[in-house]
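Student: Turn this into a structure:
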Amino acid sequence: MKKLFFCAAALLAAISFSACSDNDETNLPATPASLAGTWQITHNEGWETYDGEKETYSEKYPDEDGFYWTLAFNKNGKCVSTEYENGKVVYTSDYTYTISGSTLTLKYSGYSDEDSYQIRN
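Tutor: The predicted structure follows:
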């Protein structure tokens, strides 16, 4: 479940850190069409709570073992997370996602839990 959170947090980081040029006049709302494509996670930062204790993390990818992952979003609300080690696929998992305003909600297939993230332009 920890990797699920890392994937979701990485997605938030990818969306949060995508930038527009300084002379853009408006921030367009996030849509499945604007999110569609494959995103390689290069930095993952955030926090989790375990047994009431808050744990923070900050990780860069690929790591020293060659581990990294990608998130591939389709316009139809589906997402596939693929984990790699030394360039070889080691694990994939399926998600569904929705975007409502500036909130991205991810649901890992097979689980009832949902994670919500704030999208920042």
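
Student: top strand in the chain by residue count?
Tutor: Ranked by number of residues, the top strand in the chain under DSSP state E is strand 88-100.

Student: After that one, heading C-terminal, what element do we hit next?
Tutor: Of the helices and strands lying after strand 88-100 in sequence (DSSP states H and E), the nearest is strand 103-108.

Student: Please state the offset of the following helix or strand past that next one from the chain centre?
Tutor: Past strand 103-108, further along toward the C-terminus, the next helix or strand under DSSP H and E is strand 114-118. Its chain's C-alpha centre lies 10 Å from the corresponding centre of strand 114-118 when counted by CA atoms, centre = their mean, to the nearest Å.

Student: Show me what strand 114-118 is packed up against.
Tutor: helix 2-17, strand 103-108 (3 or more CB pairs under 8 Å, 6 or more residues apart in numbering; DSSP states H and E). No exception for glycine: its C-beta is placed from N, CA and C like everyone else's.

Student: in that strand, what counts as buried?
Tutor: Taking 16 or more other CB atoms under 10 Å as the neighbour-count basis, strand 114-118 is seen to contain the buried residues 115, 117.

Student: so what strands line up beside that strand?
Tutor: strand 103-108 (antiparallel) (DSSP bridges).

Student: Show the average pLDDT along the partner strand.
Tutor: The average pLDDT within strand 103-108 is 87.

Student: Put the alpha carbons of it into CSV.
Tutor: These are the backbone C-alpha positions of strand 103-108, laid out as CSV (Å, rounded to 0.1, in the frame of the first residue of the first chain):
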residue,chain,number,x,y,z
THR,A,103,-9.1,17.9,-7.3
LEU,A,104,-7.6,14.7,-8.8
THR,A,105,-9.0,11.5,-7.2
LEU,A,106,-7.2,8.2,-7.7
LYS,A,107,-8.6,4.8,-7.0
TYR,A,108,-6.4,1.7,-7.0
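
Student: Where does the prediction get shaky in the protein?
Tutor: Applying pLDDT under 70 to the chain flags residues 1-28, 120-121.
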